[in-house]
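K.L.:
following is a predicted model, sequence given first.
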Amino acid sequence: MTRRRALRNLVAAGPATAVLGAPAVVTAESLRPAMPCGVMVGDPVSGEVSNSVVLWSRTDRPAAMEVEYARRPDFQGAIRLNGPMARPEQGYTVRLELTGLGPGADYFYRVRFARGAARSEPFTGRFRTPGGMVEARPRGVRLLWSGDTCGQGYGINPDWGGMRIYEAMRQRQPDFFIHSGDTIYADNPVPREIQLPGGQVWRNVVTEAKSRAARSVEDFRGAYDYNFLDANLRRFHAEVPQVWQWDDHEFRNNWSPGSFSEGAAAGSAAARQAFCEYAPMRVRPGVRRIFRKISYGPLVDVFVIDMRSYRAANTYNRQTAEGPETVFLGSEQMRWLEHVVPASRARWKVIASDMPLGLLVGDGKDEQGRARWEAVANGDGPALGRELEVARLLAAWKKARVSNAVWLTADVHYTAAHYYSPERARFTGFDPFWEFVSGPLNAGTFGPGALDGTFGPEVVFAKAPPKGQSNLPPSAGYQFFGELEAGGAGGLKVILRDLTGASLWERELG
């Protein structure tokens, strides 16, 4: 048994993977293209006439993608498509958009790669399209969100069952999942072992790519490939459509393009290339924009924002007027948000944010010894620094009478429900809203963080490690995901769940 085959068997231990379908025509293992990352469905969108999704996969050599999809699990009446060619300059990743799909329908798909007469074994999965009606009401929508995968050196531990939270999320059978950023930890190597308090040991599957912080495009690709070694994650991705956004650890901790040297800018470009290769989202020629709208029928519109690509350098963040130092979302994204959210006719406007608005997230001190801030918040007081941009956005939404906006985020490695109200705020020109925090997925746990009172947030619920304990392993149990369920009658149920899927806190909105 080769080392590679032994590693494959070790990581795939547990329930069977989603490898189904007829055997490949060519049986010689060395001739077949491989599919080491399985398949993903991404960015499910409800259009005016029809629905669409993105199918993503990766192979290990130049080969053509082949796709079948059908409304029946036996693939009777399947539509067959020839997808693009996997090429080395794209890390052998490919995506194919399926269009003209019916509303509120279950689809089954099968993907494989062909190189001449040699074909890979097919991977199968399923997804449900947005929209549809049930008894004269819009079909309900269930979405999950969380973030932070494989951080602080906590990788895939086969002794513990791998990334178990992905299986707990799969069991919830959501319509789609929002990954709120830190899809990888490119700057965190994964060691073979981590010594834990009490003499316990966390043991990781290790790879060459994750033995060091990523610097090249190949290194960043290797970080994504590492996560796909986990069988729980592969099953989840094959069955649950994904909506990905990015934050800092796709490159390095707390990075801002406004503070780059020439070398750091090159590293950021490599990180962005790898993210755009692996994220199951629409990537059109010449457009590498990450912020976007995902319409999921009449009940839910998701606005995926990007708090990383346009920001100025992290500073003490208490400037009294907007300027080059206070840029956070950027002018293009701000104009988009000021227009597209008020124009939404969905009952619920979900703002998928890669960082929380009111939690103080520090980034050391500046040259003058002042606290430097990584996120929006900067300490109690009037709106200052980056808060000015957020205040302008919230005021625009109030003027446009935007209702039912809900913010979802991760980043801080614990779970919480925050209610923002102008009655408690220093800046009062906005309508009340909720912000829900959940994570990590498979990383160290921290928190809780302190709140900034500028926009009047209140901690309604929080669960984090006990005081004085931080960076606990996933096996300590402090791993979290959130769930939103929009019912056909128009209400929204929010549930914060733990590693096992158990409910920790629930609230009906609307």
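P.N.:
Great, that's in hand. Numbering: from 1, shown residues only.

K.L.:
show me what the residue nearest the centre of the chain bridges to in the sheet.
P.N.:
Closest to where the C-alpha atoms of the chain average out (CA atoms, centre = their mean) is His179, at 1.5 Å. Note on His179: beta-bridge partners by DSSP bridges are Ser146, Trp244.

K.L.:
Gly125 is in contact with Tyr107, correct?
P.N.:
No. Between Tyr107 and Gly125 there is no contact under CB atoms under 8 Å: 9.3 Å. For glycine as for every other residue, the C-beta is placed from the backbone atoms N, C-alpha and C.

K.L.:
just the strands in the stretch 401-510 of the chain please.
P.N.:
Taking DSSP state E, counting those that start in this stretch as the criterion, the stretch 401-510 of the chain carries its strands at 405-409, 415-420, 433-437, 457-463, 480-486, 492-498, 503-509.

K.L.:
save the ones you listed as a markdown table, and put in mean neighbour count and distance to Asp219 too.
P.N.:
Below are those laid out as a markdown table (neighbours: other CB atoms under 10 Å; distance: least, CB to CB, whole Å):
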| stretch | mean neighbour count | distance to Asp219 |
| --- | --- | --- |
| strand 405-409 | 23 | 27 |
| strand 415-420 | 23 | 31 |
| strand 433-437 | 24 | 30 |
| strand 457-463 | 17 | 35 |
| strand 480-486 | 25 | 28 |
| strand 492-498 | 20 | 33 |
| strand 503-509 | 13 | 37 |
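
K.L.:
got the ones you listed as CSV, with distance to Pro298 and mean pLDDT columns?
P.N.:
Output for those, formatted as CSV (distance: least, CB to CB, whole Å; pLDDT from 0 to 100):
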stretch, distance to Pro298, mean pLDDT
strand 405-409, 16, 98
strand 415-420, 26, 98
strand 433-437, 21, 98
strand 457-463, 28, 98
strand 480-486, 10, 98
strand 492-498, 13, 98
strand 503-509, 17, 98
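
K.L.:
among those, which is nearest Arg318?
P.N.:
Taking CB to CB, strand 457-463 is the member of the strands of the stretch 401-510 of the chain nearest to Arg318, at 18.4 Å.

K.L.:
contacts made by that closest one with the rest, please.
P.N.:
Strand 457-463 is contacted from outside by 357-358, 414-421, 424, 435, 447-448, 451, 478, 480, 496, 498, 504-505, 507, using CB atoms under 8 Å, 6 or more residues apart in numbering.

K.L.:
helix or strand right after the helix or strand of the chain with the lowest mean pLDDT?
P.N.:
Across the helices and strands of the chain, mean pLDDT, DSSP states H and E gives its lowest value to helix 3-11, namely a mean of 41. Next helix or strand after helix 3-11 toward the C-terminus (DSSP states H and E): strand 39-46.

K.L.:
which strands or helices does that next one pack on?
P.N.:
The contact analysis (3 or more CB pairs under 8 Å, 6 or more residues apart in numbering; DSSP states H and E) places strand 39-46 against strand 51-58, strand 106-115, strand 123-128, helix 231-239, strand 242-244, strand 292-296.

K.L.:
could you dump those to CSV with mean pLDDT?
P.N.:
Listed next are the helices and strands packed on strand 39-46 as CSV, based on pLDDT from 0 to 100:
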stretch, mean pLDDT
strand 51-58, 96
strand 106-115, 97
strand 123-128, 95
helix 231-239, 97
strand 242-244, 98
strand 292-296, 96
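
K.L.:
format the ones you listed as JSON lines; extra columns: mean neighbour count and distance to Glu29.
P.N.:
JSON lines is the format used below for the helices and strands packed on strand 39-46 (neighbours: other CB under 10 Å; distance: least, CB to CB, whole Å):
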{"stretch": "strand 51-58", "mean neighbour count": "24", "distance to Glu29": "18"}
{"stretch": "strand 106-115", "mean neighbour count": "22", "distance to Glu29": "13"}
{"stretch": "strand 123-128", "mean neighbour count": "22", "distance to Glu29": "17"}
{"stretch": "helix 231-239", "mean neighbour count": "23", "distance to Glu29": "20"}
{"stretch": "strand 242-244", "mean neighbour count": "23", "distance to Glu29": "30"}
{"stretch": "strand 292-296", "mean neighbour count": "21", "distance to Glu29": "39"}
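
K.L.:
so which of those comes closest to Leu98?
P.N.:
strand 51-58 (5.4 Å).

K.L.:
show residues contacting the helix or strand just after that closest one.
P.N.:
Reading on from strand 51-58 to the C-terminus, the next helix or strand found by DSSP H and E is strand 63-70. Strand 63-70 has contacts (CB under 8 Å, 6+ apart) with 33, 55, 57, 59, 75-86, 92, 94, 96, 98, 107-115, 119-120.

K.L.:
nearest residue to His237 other than its sequence neighbours?
P.N.:
Of all residues not flanking His237 in the chain, Met40 sits nearest, at 4.5 Å (CB to CB, 6 or more residues apart in numbering).

K.L.:
which residues does the one you found bridge with?
P.N.:
In beta-bridge terms (that is, DSSP bridges), Met40 pairs with Trp56.

K.L.:
can you get me a residue count around it?
P.N.:
When neighbours are counted by other CB atoms under 10 Å, Met40 registers 28.

K.L.:
poorly predicted segments of this protein, please.
P.N.:
Counting by pLDDT under 70, the chain has low-confidence residues at 1-28, 262-263, 285-287.

K.L.:
let me see the domain layout of it.
P.N.:
Here the domain parsing of the chain from automatic domain parsing is 3-130, 137-509.

K.L.:
ranking the ones you listed by burial, who's on top?
P.N.:
domain 137-509 (a mean of 20; mean count of other CB atoms under 10 Å).

K.L.:
just the endpoints, please. Distance across that domain?
P.N.:
18 Å (CA to CA, to the nearest Å).

K.L.:
gap between it and the chain center?
P.N.:
7 Å (CA atoms, centre = their mean, to the nearest Å).

K.L.:
how close does the residue nearest to the centre of the chain get to Thr129?
P.N.:
Applying CB to CB, to the nearest Å, the value for His179 to Thr129 is 20 Å.

K.L.:
please apply the same query to Gly258.
P.N.:
40 Å.

K.L.:
same check on Leu359?
P.N.:
Plainly put, Leu359 is 35 Å away from Thr129 if you go by CB to CB.
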